[in-house]
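K.L.:
Got a predicted structure plus its sequence, pasted below:
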Amino acid sequence: MSIESSVDIITEWDIVAARQLGRNEAKEVGFGTVDQARITTAISELARNIYLYAGKGKITIERIADGAMKGIVIIAADQGPGIPDLRKVMEDGYTTSGGLGAGMPGVKRLMDDFKVDTEVGVGTTITATKWLR
Amino acid sequence: MNVTLASYIRENLNPILESWKQFMEEEEEGKFFQIMSDDMIDSTAHELGELMIFSLTENNQEFARKVEEFSVKMARHGWSISFVMKALTNFTEAIYHHMGQTGFLNDNNSGNYIRLINNWLTPLNHSIVEAYSKTWERTVQLQKMALQELSASLIPVFDKISVMPLVGTIDTERAKLIMENLLQGVVKHRSEVVLLDITGVPVVDTMVAHHIIQAADAVRLVGAKCMLVGIRPEIAQTIVALGINLNDFTTTSTLQRGMEQALAITNRQIVEVEEQ
């Protein structure tokens, strides 16, 4: 069973729309304030990466259930340039845009599961899951 | 031909509007009309009808003014652009429908009239939609300005101590504004300590943190000290998870505690006065 909704990321304000959607979904699934903040921050990072590096893409929020476990999946998909060196990107402090370089490894720590599918010149899809405990 | 058409529509305006209303009610089960009172539908429909006749008979300048008036009214009522488009399409539809019924259109003249009506309605629809979207653009622009006005002012609280309360989402544009106001204010008020209050910032991600760190560095360069206050527990946890290093900052959970520390830094304290 899954319910999903999505936001297209084209302008900077779409990032706000995406995390608003994420916060509402997280609230409805039953996450507490700390996890809500984690999920919205993760969405914010992923959406900003789309905006900065790919130009446009899509954030999809999916509610999932596995037996008694409930959770939320964030899927950030774009047809951007792809990530040439994924290992480097997952290192703390590595940045190509002059930022802090904490986004990708940060999202991995904020969420429970984290998966990156990327191909140079084709695009990137990042799937991040948070389970309700 | 123009005049014939105008007088035909003027004479038959009521039945045309009736069938227009019917078309609109069929549209998505009358969803559009539920939000409006009957009086309002009637008066607006008449206004639209008159506007259309007007465009056939009057000069362009006068017409442009009318279109603008009408679209401003629509925008003020908060009608969606899709509703307006539907209304316009259905109005055309209703005119053809009525003309077919009364026999005004026949095989001989239909070609000419269809061309005439198209030439008349297409630019009309365009100008209504254009005027409408202009009104919306203006609204968005004004809201953007309003948002900028309420963002980021530096408030001198005590001698040498200033506070900048941050409320709402911080995007690149606002971050720039924050930095400018912060530096100007620090110099102007001769602040030694600045408290950046992020109680009202919903999400602190790496970009927001980056801007805050940069602002604090700049404040240090002009000779003041920047403190980060109003860090809610959930924000503290996400900052740690993101691995953002705020070790160079003095941080506190509330503005009140930050203020106490700021007073301590400037060698002062709040003392209760004993009643005499």
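P.N.:
The structure has been received and is ready for your questions.
K.L.:
is it true that B:F91 touches B:M52?
P.N.:
Yes. With contact defined as CB atoms under 8 Å, B:F91 counts as touching B:M52 (7.1 Å). Where you see a C-beta, it was placed from the backbone N, CA and C, and this is true even at glycine.
K.L.:
I'd like to know the average pLDDT value across the helix or strand containing B:Q214.
P.N.:
Per DSSP states H and E, B:Q214 falls inside helix B:206-221. Helix B:206-221 shows a mean pLDDT of 92.
K.L.:
The following helix or strand past it packs against which elements?
P.N.:
Counting by DSSP H and E, the element after helix B:206-221 in chain order, helix or strand, is strand B:225-229. Strand B:225-229 makes packing contacts with strand B:193-200, helix B:206-221, strand B:250-252, helix B:255-265 when contacts are defined by 3 or more CB pairs under 8 Å, 6 or more residues apart in numbering or on different chains; DSSP states H and E.
K.L.:
Starting from the shortest one, tell me which strands it pairs with and how they run.
P.N.:
Under the criterion DSSP bridges, strand B:250-252 sits next to strand B:225-229 (parallel) in its sheet.
K.L.:
centre of the chain versus the partner strand, how much separation?
P.N.:
33 Å (CA atoms, centre = their mean, to the nearest Å).
K.L.:
now that strand against strand B:193-200, angle please.
P.N.:
20 degrees (axes from the mean of the first three to the mean of the last three CA atoms, to 10 degrees).
K.L.:
Can you name every helix or strand that the helix or strand just after strand B:225-229 contacts?
P.N.:
For strand B:225-229, the succeeding helix or strand toward the C-terminus, using DSSP H and E, is helix B:233-242. When contacts are defined as 3+ CB pairs under 8 Å, 6+ apart, helix B:233-242 sits against helix A:33-49, helix A:103-110, helix B:206-221.
K.L.:
What residues of helix B:233-242 count as buried?
P.N.:
B:234-239, B:241-242 (16 or more other CB atoms under 10 Å in any protein chain shown).
K.L.:
residues contacting residue 51?
P.N.:
With no chain named, the answer covers chain A. By CB atoms under 8 Å, 6 or more residues apart in numbering or on different chains, the contact list for A:Y51 reads A:9, A:11-12, A:14-15.
K.L.:
meant chain B, my bad for not saying
P.N.:
Contacts of B:L51 (CB under 8 Å, 6+ apart): B:66-67, B:70, B:124.
K.L.:
how about 6 Å then?
P.N.:
When contacts are counted by CB atoms under 6 Å, 6 or more residues apart in numbering or on different chains, B:L51 touches B:66, B:70.
K.L.:
What of B:F70?
P.N.:
B:L51.
K.L.:
State the helix or strand in which it lies.
P.N.:
Secondary structure (DSSP H and E) places B:F70 in helix B:60-76.
K.L.:
Can I get that helix in PDB, CA atoms only?
P.N.:
Output of helix B:60-76 as PDB, limited to C-alpha atoms (Å, rounded to 0.1, in the frame of the first residue of the first chain):
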ATOM      1  CA  ASN B  60      -9.900  50.400 -28.900                       C
ATOM      2  CA  GLN B  61      -8.800  52.700 -26.200                       C
ATOM      3  CA  GLU B  62     -12.100  52.800 -24.400                       C
ATOM      4  CA  PHE B  63     -12.300  49.000 -24.700                       C
ATOM      5  CA  ALA B  64      -8.900  48.400 -23.300                       C
ATOM      6  CA  ARG B  65      -9.800  50.400 -20.200                       C
ATOM      7  CA  LYS B  66     -13.000  48.400 -19.800                       C
ATOM      8  CA  VAL B  67     -11.200  45.100 -20.200                       C
ATOM      9  CA  GLU B  68      -8.700  46.100 -17.500                       C
ATOM     10  CA  GLU B  69     -11.500  47.100 -15.100                       C
ATOM     11  CA  PHE B  70     -13.300  43.800 -15.700                       C
ATOM     12  CA  SER B  71     -10.100  41.700 -15.200                       C
ATOM     13  CA  VAL B  72      -9.200  43.600 -12.100                       C
ATOM     14  CA  LYS B  73     -12.600  42.800 -10.700                       C
ATOM     15  CA  MET B  74     -12.200  39.100 -11.600                       C
ATOM     16  CA  ALA B  75      -8.800  38.900 -10.000                       C
ATOM     17  CA  ARG B  76     -10.100  40.600  -6.900                       C
END
